[in-house]
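coords below, sequence missing:
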């Protein structure tokens, strides 16, 4: 069963292929990492309209990508086979007419030690998947699926409006959504996010002491 994990700053500052079960008191959220990406790169890094199927999960790791038609869920099987334990599947479908992910693929991925699946497209078998405790972040949910054609592409760049998700990039996903951290900017983004978290904690302590947020911010 996949364990719900917290990410400590110490772990984040290391290069890794999986999130270890170590739990730290401090955590970085998608909000903090998104702020850091925005400050450094001028864009939020947020994957639009993708949300968790089940709340309470937090995953972070390097991605294996796949691009396929919504009528073809066979391509994602190739991605599962390619992925290493601790990695995250990032799947892109051109629309949400049919699901490219469900119960069987979740069990297969979970058995391989894959952290979770992010779907810019549709998933199904939601009730069954929730019982598995396997993290899935999806753009939509539908009951129907296509066929295992295996005609898509695996480990290729995925293009969005102003983002490119490349194999080996890092993503963090939690209840707030999904954020991309490009591989070449990983260390500086995490360093900046840690400073953001430290500043937020300072502000929170001031608020708790009775100061107003308006006065603290200085507006």
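It's in. Fair warning: this is a prediction, and the values are worked out from it, not measured in the lab. Numbering: from 1, shown residues only.

does the spatially most central residue of the chain count as helix, strand or coil?
Closest residue to the average C-alpha location of the chain: residue 173 at 3.3 Å, with Cα atoms, centre = their mean. Assigned with DSSP: H, G, I helix; E, B strand; the rest coil, residue 173 falls in the strand class.

residue contacts, it?
Shown in contact with residue 173 (Cβ atoms under 8 Å, 6 or more residues apart in numbering): 30, 50, 52, 57-60, 88, 116, 118, 135, 137, 179. C-betas here are computed from N, CA, C, even on glycine.

for it, which residues make a bridge with it?
residue 59, residue 178 (DSSP bridges).

any idea how far residue 158 is from it?
According to Cβ to Cβ, to the nearest Å, residue 173 stands 15 Å off from residue 158.

My read is that residue 78 contacts residue 156, right?
No: using Cβ atoms under 8 Å, residue 78 is not in contact with residue 156; the gap is 11.6 Å.

Looking at these two, which one has more neighbours?
Neighbour count, other Cβ atoms under 10 Å: between residue 78 and residue 156, residue 78 has more, with 17 against 14.

which stretch of helix or strand covers the more buried one?
Assigned by DSSP states H and E, residue 78 belongs to helix 74-82.

Which strands and helices lie in contact with that helix?
Contacts defined by 3 or more Cβ pairs under 8 Å, 6 or more residues apart in numbering; DSSP states H and E place helix 74-82 against strand 59-68, strand 88-93, strand 99-101, helix 103-112, strand 153-154.
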